[in-house]
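Engineer: here are the coordinates; sequence isn't available:
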């Protein structure tokens, strides 16, 4: 909402990028499917809002919201028919660009066997998750060795993001500068407008591909008042965040807290289960394993998600480097908020709150940072 | 929307090992061998001193091993010295001449020997840590006039455990090189020095303004060695150490090799001690 509008070109002519309004999502999703995209979005499954392939707009979780808290996630019925009236669920979009488990080499694959992949369209991505995708871009595609598996899934993905008007109880995207409005990187950005029983969507165009899709579906130009109301609702969401990070230099705080006794206090509660790393939309770590079949003649190499909370994550021949739970929690939190800047030029945290919801003992990243800040300021650990 | 690298060709081959044939296998001591590898068909970029390759024993797994060979060999071979400490390194150590292993790389940072031109060199190796430093010694000797005084201090458990025994004997009598060997356990008529590498290091008289030091060995050895050098007034940024952490991809994707702000496969393994010191001082970082 806050981004300057630049003209967009489609086939040599400038197209409008004024906000438009669409009355529902059927045409949009059908259009994307018609263009050959595998459309992925939120849907109801396993008593949660999960991300899965959508056959059509009817698969969206209309009228469902969620209540979240530390170690808690519950579906609830909404009064309205909002499709995006829920905060972050147990999955993030990383699974669609950075699969949980994939074969990266096989001894009898032909050398240039790059498989053709169906392009993906991600519908319903929040500002936090769009920022997370930008983080993954820098980690997996921005270095000297771009991960071809990642760029193959990521490049050409069509992104329909959704500005947030109703943050959840664990959200702190406004502290991290990633929301509630969606930053750059989307093709189309929606703002869901609820008026009584009717739902409409303000649509902003972020790319030529987005303009082309919008042009192909029924829409009308937004009234200035509609744009203004939508912008006000998104701006108001920034004031309704369930959590917030201490407003200070988090990098320096963590650099100075390496020897803090507080890590042990957190470790007394931390199960080192790795849930936080699995649900985090930016945690990218993987382990590589080499396997053979029973004959020993056919070998494969697999890469799968790993967690820095695993004891053997840092194994070298003497044993693991980070044996204590305290050192593993310190590593995760410090990487996320401090050393990520050194390694990849941004924070690794986007403020989605998933790590708080899915932590069995409900360890809260914002609370632990506040405690570290208080300790650094001379306060007492409780 | 596309990633910023969308126009670059994808690199699906980063994780694919390239076949190399074992041309020769030299048993160095009870647990280490040196393999000279030649490409079966396509060759990788020749590794520079300090860099490492991921070596793959077919079906068993991969480990990161620094290059130990002479870069002046322009025949496309790559030399690695491997110590058998686990299933993969044991399988690599057992690779017979004519057999094939997989190689990916090279990855990581170099020792920066060329930047030390005109300076005195102090090379300190503990155990198998001599392997990554061998190309530094060979590089300095190959271009001897570019450097001032060159000192090599190498330590090992016992005399029979030294790598490159023949070369070490030659280097000890080479007037272009000052060599100090020291062992932990003085058995079988060892006439040399007994003790840690820090002891001969402390006796050296060095000009701190023109000395560059290269250290590789157990982490504690590097910390004590670097401390001895700091006490002689050598600046931390003139002390270079080669660090070891779990490495699985080499390409900066897997996250295992982190040491604080460093991804050691990318920002290491060779790191200035000004950067390494505050990180190594923290336990379990």
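Structural biologist: All right, it came through fine. Being a predicted model, the structure only gives us computed values, none of them experimental.

Engineer: how deep is residue B:76 tucked in, by neighbour count?
Structural biologist: Using other Cβ atoms under 10 Å in any protein chain shown, residue B:76 is surrounded by 12 other residues. All C-beta spots, glycine's among them, are computed from the backbone N, C-alpha and C.

Engineer: can you show me the helices along chain B?
Structural biologist: Using DSSP state H, the helices found in chain B span residues B:87-93, B:130-142, B:165-172, B:198-203, B:219-231, B:273-280.

Engineer: what is the first one packed up against?
Structural biologist: Same thing as helix B:87-93. strand B:32-39, strand B:52-57, strand B:61-66, strand B:78-83 (3 or more Cβ pairs under 8 Å, 6 or more residues apart in numbering or on different chains; DSSP states H and E).

Engineer: so does the third one get close to chain A?
Structural biologist: This means strand B:61-66. Yes - judged by Cβ under 8 Å from any Cβ of the partner chain, strand B:61-66 comes into contact with chain A at B:61, B:62.

Engineer: need the contact partners of that strand.
Structural biologist: A:288-290, B:17, B:50-56, B:80-82, B:86-89, B:92, B:102, B:104, B:107, B:131-132, B:216, B:242, B:247-248, B:250, B:265, B:269 (Cβ atoms under 8 Å, 6 or more residues apart in numbering or on different chains).

Engineer: run the last query once more with 7 Å
Structural biologist: A:288, A:290, B:50, B:52-56, B:80, B:82, B:87-89, B:131-132, B:242, B:247, B:250, B:269 (Cβ atoms under 7 Å, 6 or more residues apart in numbering or on different chains).

Engineer: could you give the mean pLDDT of that strand?
Structural biologist: Mean per-residue pLDDT for strand B:61-66: 97.

Engineer: make TSV out of the helices of chain B and add mean neighbour count and mean pLDDT.
Structural biologist: Shown next, in TSV, are the helices of chain B (neighbours: other Cβ atoms under 10 Å in any protein chain shown; pLDDT from 0 to 100):
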stretch	mean neighbour count	mean pLDDT
helix B:87-93	19	97
helix B:130-142	23	97
helix B:165-172	14	97
helix B:198-203	18	96
helix B:219-231	19	97
helix B:273-280	18	98
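
Engineer: dump those helices to CSV, plus distance to residue A:320.
Structural biologist: Below are those laid out as CSV (distance: least, Cβ to Cβ, whole Å):
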stretch, distance to residue A:320
helix B:87-93, 17
helix B:130-142, 23
helix B:165-172, 34
helix B:198-203, 27
helix B:219-231, 14
helix B:273-280, 16
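
Engineer: residue A:281 is nearest to which of those helices?
Structural biologist: Of all the helices of chain B, helix B:273-280 sits nearest to residue A:281, with 27.6 Å by Cβ to Cβ.

Engineer: ok, residues contacting that closest one?
Structural biologist: Outside helix B:273-280, the residues that reach it (Cβ under 7 Å, 6+ apart) are B:219, B:223, B:226, B:236, B:237, B:239, B:241, B:243, B:259, B:260, B:285.

Engineer: of the residues you listed, buried ones?
Structural biologist: B:219, B:223, B:226, B:239, B:241, B:243, B:259, B:260, B:285 (16 or more other Cβ atoms under 10 Å in any protein chain shown).

Engineer: residues touching the fourth one, list them.
Structural biologist: Pointing back at residue B:239 there. B:213, B:215, B:226, B:229, B:273 are the contacts of residue B:239 under Cβ under 7 Å, 6+ apart.

Engineer: give me the neighbour count for residue B:41.
Structural biologist: Residue B:41 has 7 nearby residues by other Cβ under 10 Å.

Engineer: likewise the one 3 residues further on?
Structural biologist: Burial of residue B:44 is recorded as 16 neighbouring residues (other Cβ under 10 Å).

Engineer: right, and it touches residue B:77 too?
Structural biologist: No - contact criterion Cβ atoms under 7 Å: residue B:44 and residue B:77 do not qualify, at 11.1 Å.

Engineer: could I get the contacts of helix B:273-280 in a markdown table, plus columns for distance to residue B:124?
Structural biologist: Shown next, in a markdown table, are those (distance: Cβ to Cβ, whole Å):
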| residue | distance to residue B:124 |
| --- | --- |
| B:219 | 13 |
| B:223 | 12 |
| B:226 | 9 |
| B:236 | 15 |
| B:237 | 17 |
| B:239 | 9 |
| B:241 | 9 |
| B:243 | 14 |
| B:259 | 20 |
| B:260 | 23 |
| B:285 | 23 |
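
Engineer: can you give me the helices in the stretch 151-300 of chain A?
Structural biologist: Taking DSSP state H, counting those that start in this stretch, the helices of the stretch 151-300 of chain A run over residues A:173-176, A:208-215, A:224-237, A:250-255, A:262-267, A:275-279.

Engineer: which positions in the stretch 251-382 of chain A make contact with chain B?
Structural biologist: Applying Cβ under 7 Å from any Cβ of the partner chain, we find that the stretch 251-382 of chain A lies next to chain B at A:258-259, A:284-288, A:290, A:292, A:296, A:299, A:301, A:303, A:308, A:313-317, A:321-324, A:327, A:335, A:339, A:342-343.

Engineer: what subset of those is buried?
Structural biologist: So, by 16+ other Cβ under 10 Å, the buried ones in these are A:258, A:284-288, A:290, A:299, A:301, A:303, A:308, A:313-316, A:321-322, A:327, A:335, A:339, A:343.

Engineer: OK, now which residue of the stretch 101-250 of chain B is nearest to chain A?
Structural biologist: In the stretch 101-250 of chain B, the residue that lies nearest chain A is residue B:248 (4.3 Å; Cβ to the nearest Cβ).

Engineer: do me a favour and average the pLDDT over stretch B:182-189.
Structural biologist: 90.

Engineer: for it, buried residues please.
Structural biologist: With burial defined by 16+ other Cβ under 10 Å, the residues of stretch B:182-189 counted as buried are B:182, B:183.

Engineer: tell me how far that stretch is from the chain's mean position?
Structural biologist: Stretch B:182-189 has its C-alpha centroid displaced from the chain centroid by 24 Å (Cα atoms, centre = their mean, to the nearest Å).

Engineer: following the helix or strand of chain A with the lowest mean pLDDT, which helix or strand comes up?
Structural biologist: Ranking every helix and strand in chain A by mean pLDDT, DSSP states H and E puts strand A:13-15 at the bottom, with a mean of 51. Downstream of strand A:13-15, the next assigned helix or strand under DSSP states H and E is strand A:20-22.

Engineer: immediately after that next one, which helix or strand?
Structural biologist: Next in line after strand A:20-22, if elements are assigned by DSSP H and E, sits helix A:26-34.

Engineer: would you confirm that residue A:75 contacts residue A:46?
Structural biologist: No - taking Cβ under 7 Å as the definition, residue A:75 is not a contact partner of residue A:46, at 10.0 Å.

Engineer: of these two, which one has the most company?
Structural biologist: Counted by other Cβ under 10 Å, residue A:75 and residue A:46 do not tie: residue A:75 has more neighbours, with 16 against 8.

Engineer: how close does that one sit to residue B:190?
Structural biologist: Noted for residue A:75: a distance of 74 Å to residue B:190, by Cβ to Cβ, to the nearest Å.

Engineer: chain A contacts on the stretch 51-200 of chain B?
Structural biologist: Proximity of the stretch 51-200 of chain B to chain A (Cβ under 7 Å from any Cβ) is limited to residues B:58, B:59, B:60, B:61, B:62, B:85, B:86.
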